[in-house]
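Visitor: My questions concern the predicted model and sequence given below.
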Amino acid sequence: MKFQKFFSIFKINFQGFTILEASLVLAIMAIFFAMGFTSTEILSYIRLNSDVAGVYQVIKKAQSLSLSPRLFGSERICGYGIKILGDKKTYQIIKIATSGNVSDPCDLSARPRESVINEYKLRDGNEFTTSSQNKGFIYTSPYLEVKSAIVNFPFNIEIINKNLNKTATITVNNFGYVEIKR
């Protein structure tokens, strides 16, 4: 009671919005919100940026897996990396390892084998460019050197959105630094 008397001196009105005014504002906001999320251009940008973030996270996961020790059971691990398959949509985290007693598991004479740790796919409308296909690189364990048998560095992964015709590039240099260009 004292609170209302205090503010009645200053002639402050305690009236709020009516239900009609509040529902009108909510209806207008819903219309603008629906228009924004059904726009194919906005959805395409969201898909492209989401896939770029996903590939970046997979690269960082391969990098962190490579910090593990080289010897795991009977396996000698050369490193972990990323491989882009030829279907323009699929990419994998791979492990390169040898079995047996070899001094360098990355040596080709030890016949290292590749095993898939996890496989991912790009969203609809996005694909890897032809320059990124059938390529891959590994972070060698435990020093995080980047190696690739196929390409020279820097290693570029290009993702194109077919609807927007926009390309995003993820670049990995030979020291493992990852950079995103949109």
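Guide: Received it, and whenever you're ready, just let me know what you need.
Visitor: tell me the SS of the residue nearest the centre of the chain?
Guide: The centre of the chain sits closest to Gly54, judged by Cα atoms, centre = their mean, with a distance of 1.8 Å. Three-state assignment for Gly54 (DSSP: H, G, I helix; E, B strand; the rest coil): helix.
Visitor: go on, the one 4 residues further on?
Guide: Secondary structure of Val58, reduced to three states by three-state DSSP: helix.
Visitor: nearest spatial neighbour of Phe175, skipping sequence neighbours?
Guide: Residue nearest to Phe175 in three dimensions, not counting chain neighbours: Val146, with 7.0 Å by Cβ to Cβ, 6 or more residues apart in numbering. C-beta coordinates here come from the backbone N, C-alpha and C atoms, glycine included.
Visitor: if I pick the one you found, what's in contact with it?
Guide: Contacts for Val146 (Cβ atoms under 8 Å, 6 or more residues apart in numbering) come out as Phe137, Ile138, Tyr139, Thr140, Phe153, Phe155, Val172, Asn173, Asn174, Phe175, Gly176.
Visitor: how close does the fourth one sit to Asp107?
Guide: For Thr140, the distance to Asp107 equals 11 Å [Cβ to Cβ, to the nearest Å].
Visitor: any idea of the mean pLDDT in stretch 174-182?
Guide: Taken as a whole, stretch 174-182 carries a mean pLDDT of 85.
Visitor: Of the contacts of Val146, just the buried ones, PyMOL syntax please.
Guide: Those of the contacts of Val146 that count as buried under 16 or more other Cβ atoms under 10 Å are selected in PyMOL with:
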select buried, resi 137+138+139+140+155+172+176
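Visitor: and Pro142, helix, strand or coil?
Guide: From three-state DSSP, the assignment for Pro142 is coil.
Visitor: er, Pro69 actually
Guide: Per three-state DSSP, Pro69 ends up coil.
Visitor: That one touches Arg76, doesn't it?
Guide: No: Pro69 lies out of contact with Arg76 (Cβ atoms under 8 Å); the separation is 10.0 Å.
Visitor: and these two? which has more neighbours close in?
Guide: Using other Cβ atoms under 10 Å as the criterion, Pro69 and Arg76 rank with Arg76 on top: 22 against 9.
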